[in-house]
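Peer 1: With the sequence up front, the predicted model follows.
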Amino acid sequence: MTSADADSKQNATAPPPPPPAEITYSGPYSVNPLRRVSLRTLAAQIPSVLRRIARMSWETDRQAVQLLVACQVVTGVAAAVLLAATARAMQPILGTGAVGERLHEALPALVAVAVAAAFARGAAAVATYAERRITPKLTTETDAALVEAVCRVEASAYAVDGFADRQEAAEMGVIRTHVMVTDAQRFMSALIRMITAGSVLSVLNILMLPLLLLAVLPAGIGAILTARVDYEIHYANISDRNVRGMMRWWSTSPKYGDEVRANGMTDYLLFWYRSLSERCDRRTLAAAPRTLRIALLSSLVGGVFLVATWAVLAWLAVTGRVALAIAATAVVAVQTTLAALSQVVINGAAVFHTSLYLTDMQTFLDDAAERAPKRGSLTITAPVEEIRLDEVVYRYPGKDQPAVDGVSLTLRRGQILAIVGVNGSGKSTLTRLLTGIYLADKGHVTWNGADLADVDPATVWSSTGLVPQIFAQWPLRVRENITLGQPRTDDDGPVWEAVDSVGMREAIDELPAGLDTLLAREIFGGAELSGGQWQRLACSRALYRRPPLLILDEPTSQMDPRGEHQIFEEIKAISGDRITIVVTHRLENTKVADHIVVMEQGRITEQGCYDALVHAGGIFAELLELSQDR
Ligand SMILES: Nc1ncnc2c1ncn2[C@@H]1O[C@H](COP(=O)(O)OP(=O)(O)OP(=O)(O)O)[C@@H](O)[C@H]1O
């Protein structure tokens, strides 16, 4: 047997890969908020949703809203005129006498019908224009509000269970804003047509209107129940959709294409993606019989009442209780009311459906606002002379053990501190506490004596420069990749200084448009950098800021020795003006530091200068020895 045969046999007998994990919540998100809400409560939400849509639209484009309201008024008046004129035209048309005379008599009413119809059509066209003016701006506003809300929360919120899923649910609210104004506008205009036609009908015969209402009401109830089922499915699918969205991006992004292909991941990723989709489909299909039952039952009940309506009208005409001309007008009024009622029901259900997602969006926005930093209004002014940590403790939400556990440290301007320790010992978390990205659960972090809990975070972050372990590769031009976060400048001098400090001038000169080159391989005309070049760029971004506190978390992990040497030379050269912190596993690099702290399980277990720690016989010496044992 060849090795290929063996491989194919093994593949044939290999168990299928495990399916993606199913996420079930045990906290507040485990319960669908609609599960115990009555139908009446659900229907009663519609007016408040309409008010909300009106308010949002008003804030977006007042002129367009005024235009929309004017169109609604025209629609109502046109519908009333149309029916009244139809009734007036019917009498001579269905009366006796020569055809020419009868038509002549009916002519003014027929002209009124034509004019009213023209106005109704015109109003509908202008209303569509107004809607189209409001919708894009409203969607942009809502979308931008959501993005801003997420960007402005305390960073600790990202670690809260369910935060990302609530965000995914809120995204649906943004998507629904595309159709929200259209649904609301159609609902209102159908309501106006229905009221007008209904009034005419009830004038003709009072019995007709309740019968018509009964004919359409079951469809309304059915539409609301179906919307509730749709929302239930949507709610149950949130987590899977969220994971699927992430998997889609990670699997198809060229950034990870090498890893996906060379590790033979394609089949499994596709299996994963398909499994998640099928799981969502299963939930949707499981609900199909329920929606069918709702549709059949509502059609049956509605149909019975509709037959009754026509039967009553026929009976009234046949028994001579209403004149033939009135009966003919009643036929038109019944048709108009029926069409308008159906539109009210369909669009009312759509508005209600939208309201469910808007509520999710609003809940998320409220929650995000709650989680926005509420610190004091103190400000930090340069120079930052001293940063102190005093018995600082920080535990991530849902974790048993603190990531940083009782750390005390003092840093002074001009000092370079190195933080070392094994994976997961709390180094990056410590840097997040130093910069006020997280606030300490216990203890204090002070800058120039001011506790970060009382300081406006924006003033802290205008004094920091951070090269994180995993840095963003922004799809922007080279220049913006360096200046991002700083006020706009037309002077490229400092930009080139930052480029030179990380040895990138040659590489940038070789790009098709130098500093103007777009760094996004996926976009036409865009260029790509190597991993180490991207890391140099991330360093240049932090150096360009000339911050009072410079933090570099594994800044040279992807760099060649020349690049690494250059960065550390630069760090040393500019260290006099600032506090510098370097987190690194390359212990040789800590020679640059004035002081080194070694972390273990969130605590500082050793500290001192390089020479002292090398001979201390502790974990630093052990890690250094291991790094040299090849
Ligand atoms: N966003 C997070 N949410 C929850 N737990 C986290 C988060 N980030 C880190 N942790 C946990 O906190 C602990 C400390 O992590 P941290 O990233 O600070 O370690 P580190 O020393 O920087 O590790 P490494 O050397 O691997 O970068 C770890 O147990 C980690 O699992």
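Peer 2: On my side now, so go ahead. These figures come from a predicted structure and were not determined experimentally.

Peer 1: Could you look up the SS state of Ala333?
Peer 2: Following DSSP: H, G, I helix; E, B strand; the rest coil, Ala333 is assigned to helix.

Peer 1: Now it. Nearest residue, chain neighbours left out?
Peer 2: The shortest distance from Ala333 to any non-neighbouring residue, by CB to CB, 6 or more residues apart in numbering, is to Leu201 (4.2 Å). The way it works is simple: take the backbone N, C-alpha and C, and place the C-beta from them, glycine included.

Peer 1: Could I get the contacting residues of that neighbour?
Peer 2: 208-209, 212, 330, 333-334, 337 (CB atoms under 8 Å, 6 or more residues apart in numbering).

Peer 1: same check, this time on Gly76
Peer 2: If a contact means CB under 8 Å, 6+ apart, then Gly76 has 192-193, 195-196 as its contacts.

Peer 1: On the three-state scheme, Gly264 is what?
Peer 2: At Gly264, secondary structure determined by three-state DSSP is coil.

Peer 1: burial count for it?
Peer 2: Residues lying near Gly264 (other CB atoms under 10 Å) number 8.

Peer 1: Assess the claim that Gly220 and Val345 are in contact.
Peer 2: Yes: with contacts counted by CB atoms under 8 Å, Gly220 reaches Val345, the gap being 4.1 Å.

Peer 1: These two: which has the busier surroundings?
Peer 2: Using other CB under 10 Å, the more surrounded residue of Gly220 and Val345 is Val345, with 24 against 21.

Peer 1: I'd guessed the more buried one sits against Pro218; true?
Peer 2: No: here Val345 lies out of contact with Pro218, judged by CB under 8 Å, at a distance of 9.4 Å.

Peer 1: Which helix or strand contains Val392?
Peer 2: Taking DSSP states H and E as the criterion, Val392 maps to strand 386-394.

Peer 1: Ok, Thr329 next?
Peer 2: With DSSP H and E as criterion, Thr329 is part of helix 324-370.

Peer 1: Okay, buried residues for the strand holding Val392 please.
Peer 2: 387-390, 392-394 (16 or more other CB atoms under 10 Å).

Peer 1: which helices and strands sit right next to it?
Peer 2: strand 404-412, helix 427-434, strand 442-447 (3 or more CB pairs under 8 Å, 6 or more residues apart in numbering; DSSP states H and E).

Peer 1: Figure out which of the ones you listed is closest to Gly376.
Peer 2: Among the helices and strands packed on strand 386-394, the nearest to Gly376 by CB to CB is strand 442-447 (12.4 Å).

Peer 1: Point out the other helices and strands that the closest one packs with.
Peer 2: Judged by 3+ CB pairs under 8 Å, 6+ apart, strand 442-447 is in contact with strand 386-394, strand 404-412.

Peer 1: What residues does this protein have near the ligand?
Peer 2: Neighbours of the ligand within the chain, by CB under 6 Å from any ligand atom: 159, 396, 399, 403, 421, 423-429, 469.

Peer 1: Most neighbours among the contacts of Leu201, which one?
Peer 2: The most neighbours of any of the contacts of Leu201, using other CB under 10 Å, belong to Thr337, which has 30 neighbours.

Peer 1: Surely that one touches Leu212?
Peer 2: Yes: using CB under 8 Å, Thr337 makes contact with Leu212 at a distance of 5.4 Å.

Peer 1: Which neighbours do these two have in common?
Peer 2: Residues touching both Thr337 and Leu212 (CB under 8 Å, 6+ apart) are 198, 201.

Peer 1: Tell me the predicted confidence for the residue in the stretch 151-300 of the chain that the ligand sits nearest to.
Peer 2: With CB to the nearest ligand atom as the measure, Ala159 is the residue of the stretch 151-300 of the chain nearest to the ligand, at 4.0 Å. On the pLDDT scale, Ala159 is placed at 82.

Peer 1: What of Gln10?
Peer 2: So, for Gln10, pLDDT stands at 51.

Peer 1: Check Ala4 too.
Peer 2: Listed pLDDT for Ala4 reads 49.

Peer 1: Kindly give a single PyMOL line that selects the buried subset of the residues of the chain next to the ligand.
Peer 2: In PyMOL, a selection of the buried entries from those looks like this (16+ other CB under 10 Å):
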select buried, resi 403+421+425+426+427+428+429
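
Peer 1: what distance separates stretch 167-185 from the middle of the whole chain?
Peer 2: 11 Å (CA atoms, centre = their mean, to the nearest Å).

Peer 1: wait, stretch 560-579
Peer 2: Chain-centre distance of stretch 560-579: 40 Å, with CA atoms, centre = their mean.

Peer 1: What's the mean pLDDT across that stretch?
Peer 2: Mean per-residue pLDDT for stretch 560-579: 92.

Peer 1: SS state for the residue in the stretch 451-600 of the chain positioned nearest to the ligand?
Peer 2: The nearest approach of the stretch 451-600 of the chain to the ligand comes at Gln469, 5.8 Å away (CB to the nearest ligand atom). Following three-state DSSP, Gln469 is assigned to coil.

Peer 1: Next up, the contacts around it.
Peer 2: With contact set as CB under 8 Å, 6+ apart, Gln469 has these partners: 428, 553-554, 557, 583.

Peer 1: and if we set it to 10 Å?
Peer 2: Neighbour list for Gln469: 427-428, 431, 552-555, 557, 583 [criterion: CB atoms under 10 Å, 6 or more residues apart in numbering].
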